[in-house]
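**Student:** Kindly generate the corresponding structure for this input.
(one chain, ligands or ions: 1)
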Amino acid sequence: MKIFDLHTHLFPARMFLAIWEYFETRNWSVHREQVDEVTATLQRHGVQGAVALSYAHKAGVAHSLNTFMAELRARHDWLYPFASVHVEDADFNEEIDRVLGSEHLFGFKFQPLVQRFDINDRRLDPLYEQCQERQFPVLIHIGSGPVANRFVGPDHFRRLMDRFPALRVCVPHMGVPECSDFLVMLDDYPEMFLDTTMVNTHCELFDTAWRGDVEALKRHSKRICFGSDWPNVPYPYQEAVDSVLRFGFEEADLEDIYWNNARRFVGLADLA
Ligand SMILES: [Zn+2]
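**Tutor:** Residues are numbered from 1 along each chain as shown. As a prediction, the model looks like this:
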């Protein structure tokens, strides 16, 4: 099975170290793999395409982070780096234009849990307008797991989608823990996707079992994508791959989940 991993993380070396230290103080073991090791691990597992995510944890770092991400693409043409911005950036609007004009950046990633901004902050509207217009994808960690803050939860997301109903957007981790709320929204928003990242994995830290409406899941099998969260996960890569098999998808849909859907999300193939 060919694999396109919609959810991997790559950061500059020092940022990676800081993130790993943060995780490890919370008993969350990770794979301390820098860029070259991550790409080797992915390729060893048959990954032929992967979205690389990062996020600006504070104002003032997005531009250098996005430059780093764009350079990854120059070295690895099977990686699809996403950019990030922060609403408090002094060069916020210029950075949006730079990202949208870049040949090496393929989407935006928002992480309101860490970035601590409201996804409905009106300063973001020009970004959403342009993304919606061009079908430029946005991945937003907006489920309130593993921890909640006032910026995450399905209500924020529903408000956003009411304003930009054709936005091409992916909610990672199936929207954990509000999986059912996000699954039903797929009926309303034709360009909305979910990724399976960390769900149904055998993980000591917490219960990751998906308990949702399997019929609804199967109905939306063209908009659910495999993701791994590599290298920031406490289990082997193969465990992420195997987790997809525990949802109850039809055998015939697995090629979509592992490969086709993520390529549609990124814009490499048309939506069926
Ligand atoms: Zn992630």
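
**Student:** Now residue 192. Its backbone dihedrals?
**Tutor:** Comment: the main-chain dihedrals of residue 192 come out as phi -90, psi 140, following degrees, to the nearest 10.

**Student:** Show me the beta-bridge partners of it.
**Tutor:** For residue 192, the beta-bridge partners are residue 169 (DSSP bridges).

**Student:** cool, residue 52 as well?
**Tutor:** Following DSSP bridges, residue 52 is listed with bridge partners residue 8, residue 81.

**Student:** so where's this structure shaky on pLDDT?
**Tutor:** 271-272 (pLDDT under 70).

**Student:** how about 50 then?
**Tutor:** Low-confidence regions of the chain, defined by pLDDT under 50, are absent; no residue qualifies.

**Student:** all helices for it, in order.
**Tutor:** Secondary structure of the chain (DSSP state H): helices located at 13-25, 35-44, 62-75, 92-101, 112-115, 125-134, 154-163, 179-185, 214-219, 237-243, 254-255, 261-266.

**Student:** Identify whichever of these lies nearest to residue 4.
**Tutor:** Closest to residue 4 of the helices of the chain, according to CB to CB: helix 261-266, at 4.1 Å. From N, CA and C alone the C-beta is placed, and that goes for glycine too.

**Student:** My read is that residue 55 contacts residue 116, right?
**Tutor:** No. Shown here, residue 55 and residue 116 do not form a contact pair, counting by CB atoms under 8 Å, at 11.2 Å.

**Student:** higher neighbour count, these two?
**Tutor:** With neighbours defined as other CB atoms under 10 Å, residue 55 and residue 116 compare such that residue 55 has more, 26 against 15.

**Student:** Please report how far that one lies from residue 195.
**Tutor:** Computed with CB to CB, to the nearest Å, the distance linking residue 55 and residue 195 is 15 Å.

**Student:** cool, residue 48 as well?
**Tutor:** Here the criterion is CB to CB. By it, residue 48 lies 17 Å from residue 195.

**Student:** Looking at the two, which one has more neighbours?
**Tutor:** Taking residue 48 and residue 195 together and counting by other CB under 10 Å, residue 195 has the greater number of neighbours (28 against 12).
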